[in-house]
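Below: sequence and its predicted model.
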Amino acid sequence: MSVISSKKMQPESLMMSHGHNPENAESSVKPPIFQTSTFVFESAEQGKRFFQLAYGLDQAAEGERLGNIYSRLNNPNLEILEKRLALWDGAEDCAVFSSGMAAITSTFFELLKPGDLLLHGAPLYGGTDHFITKMVKHYGIDTLEFKSGESEDEIRQRITRGQGNLKMIYVETPTNPTSAIFDLEMCKRLADHFSTSEDKVILVVDNTYMGPVWSQPLKHGADLVLYSATKYIGGHSDLIAGACAGNAELIGQIKGFRTFVGNMTDSWTAWLMTRSLETLKVRMEQQARNAAILAQRLEQHEKVGKVYYLGLLQESDPAYPIFKRQYSSSGAMISFDIKGSEDEAFKVLDNLNLIKLAVSLGGTESLAEHPFSMTHADVESKRKRNLGFTERMIRLSVGVENTEDLWDDLSQALGKI
């Protein structure tokens, strides 16, 4: 039995088989879990060759692949998962990590050096924001923040006036929790403008909110795409993982960093994510259908103020053409402002039943949280308000439950204020 070609089918079909040959695993339809720390070499010469390739001491010949050595370097479960994840984004390669933050920090530490300038969008996930605003400066890396809607010329002038040598542009789009959109093609133009033949500016996109089904940033100029794979990719709120996909040379560098830091995911988690990829598209499609209905009803509710949801963008909005160009769906994330204060927002959260009061997103179950005091607690209050969210906001990750049951739960909770 041969492995099916990845060139003839869509990713959702290839998630059942790509990268796994049953002949190499006792004819098992599904990949087994390779719960081992180390692997046996057929000969000392083979072991030598594997290490030459793993440590970059020699280039692989045509058709030659790195054999299994040690599960910190490579593992069949890890490799199957990375091959399948790469298909969704049309990436040359992929690296999977023990968490989303491990993927983000490894990418930064490998590709940035003291004196480099990191241009980053805002707002960001609270953990990423903490890392960028409070930690990278200790390593001599300069940072510059910009917001959605700033003009290309204005950003270019700010970069020119700033300190450091621009090396990376990093955006999270749509933003967490306001769903603001960054124009990736504009970001690519900025990266190209400040690149030289010797020093390329790298565009990195956190695609956790929309990917990999509804958005493929690599098609819009990104060099690398990052995920908290805990979210939609894992999809069941039962694992922690991260991923980085994109340019093969850059991924090779990041994998080298991962080898020596040791923050790869384990074989069991990789197996769970491989399982989850089989239902990724159907889960995300159902979540998006639910979210579209809930967002429209929330917008009409007398106790709800502004609703932050891509599907409610008007054609007159400057972000609308970017939305239509970059995304195939409005997604399944909704934030909304309660008419009131933190007290009213907390009352709604405390009275939800079917929807769970918990952080994270992208799981099969619906989750609600309070970004101002929870996921973004570490961000200074004035800055949060300047970025467009306050104590009134609730963030909702829509799951696969029955739509009417979800609405009944939201309605009764809103009725408590």
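Good, I have the coordinates. What you see is a predicted model; the values in this text were computed from it and never measured.

And the worst-scoring helix or strand of the chain on mean pLDDT, what does it pack against?
Across the helices and strands of the chain, the lowest-confidence element by mean pLDDT, DSSP states H and E is helix 11-14, at a mean of 88. If you count contacts as 3 or more CB pairs under 8 Å, 6 or more residues apart in numbering; DSSP states H and E, helix 11-14 packs onto helix 76-89, helix 280-300. Yep, even glycine has a C-beta here, placed from its N, CA and C like the rest.

Point out the most buried one among these.
Stretch with highest mean neighbour count among the helices and strands packed on helix 11-14: helix 76-89 (a mean of 24; mean count of other CB atoms under 10 Å).

what is the orientation angle of it with helix 280-300?
50 degrees (axes from the mean of the first three to the mean of the last three CA atoms, to 10 degrees).

quick revisit: got the buried residues for the least confident helix or strand of the chain?
Within helix 11-14, the residues scored as buried using 16 or more other CB atoms under 10 Å are 11, 12, 14.

State the pLDDT value of residue 217.
As summarised for this prediction, residue 217 has a pLDDT of 98.

That one: neighbouring residues, count only.
Per other CB atoms under 10 Å, the neighbour tally for residue 217 reads 29.

same thing with residue 69?
Neighbour tally, residue 69, other CB under 10 Å: 18.

re earlier: just put the buried residues of helix 11-14 in TSV and tack on distance to residue 68.
Below are these laid out as TSV (distance: CB to CB, whole Å):
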residue	distance to residue 68
11	25
12	28
14	23
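
circling back to that earlier point, please convert the helices and strands packed on helix 11-14 to CSV, extending it with mean pLDDT and distance to residue 415.
Shown next, in CSV, are the helices and strands packed on helix 11-14 (pLDDT from 0 to 100; distance: least, CB to CB, whole Å):
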stretch, mean pLDDT, distance to residue 415
helix 76-89, 96, 40
helix 280-300, 98, 13
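
residue contacts, the closest residue to residue 414 other than its chain neighbours?
Excluding the flanking residues, the one nearest residue 414 by CB to CB, 6 or more residues apart in numbering is residue 303, at 5.0 Å. For residue 303, the contacting residues are 338, 339, 340, 344, 414, 417, by CB atoms under 8 Å, 6 or more residues apart in numbering.

if we go to 6 Å?
If you count contacts by CB atoms under 6 Å, 6 or more residues apart in numbering, residue 303 has them with 339, 414, 417.

The first one and residue 313, how far apart?
The reference is to residue 339. Residue 339 is 22 Å from residue 313, where distance means CB to CB, to the nearest Å.

Over to the last one?
Computed with CB to CB, the distance linking residue 417 and residue 313 is 27 Å.

all helices for the stretch 301-417 of the chain, in order.
Secondary structure of the stretch 301-417 of the chain, counting by DSSP state H, counting those that start in this stretch: helices at 320-326, 342-350, 381-386, 403-414.

In a markdown table, list the helices and strands packed on helix 11-14 along with distance to residue 226.
Converted to a markdown table, these look like this (distance: least, CB to CB, whole Å):
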| stretch | distance to residue 226 |
| --- | --- |
| helix 76-89 | 11 |
| helix 280-300 | 17 |
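
quick one, phi psi at the spatially most central residue of the chain?
When CA atoms, centre = their mean is applied to the chain, the residue found nearest the centroid is residue 227 (2.3 Å). With angles defined as degrees, to the nearest 10, residue 227 shows backbone torsions of phi -140, psi 140.

Spatially nearest residue to it, not counting backbone neighbours?
Excluding the flanking residues, the one nearest residue 227 by CB to CB, 6+ apart is residue 243, at 4.5 Å.

would that neighbour count as being in a strand?
Yes: applying DSSP: H, G, I helix; E, B strand; the rest coil, one finds residue 243 inside a strand.

so residue 344 touches residue 336, yeah?
No: counting by CB atoms under 6 Å, residue 344 does not reach residue 336; the two are 12.0 Å apart.

For stretch 233-251, buried residues please.
Buried positions in stretch 233-251, judged by neighbour count with 16+ other CB under 10 Å: 233-237, 239-247, 250-251.

between the residues you listed, which is nearest residue 360?
residue 237 (6.3 Å; CB to CB).

Need the per-residue pLDDT for the closest residue to residue 345 other than its chain neighbours.
Among residues not flanking residue 345 along the chain, residue 338 sits closest, at 4.7 Å (CB to CB, 6+ apart). pLDDT for residue 338: 97.

Next, the buried residues of the host helix or strand of residue 193.
Residue 193 is part of helix 184-194 when elements are defined by DSSP states H and E. Within helix 184-194, the residues scored as buried using 16+ other CB under 10 Å are 184, 186, 187, 188, 190, 191, 194.
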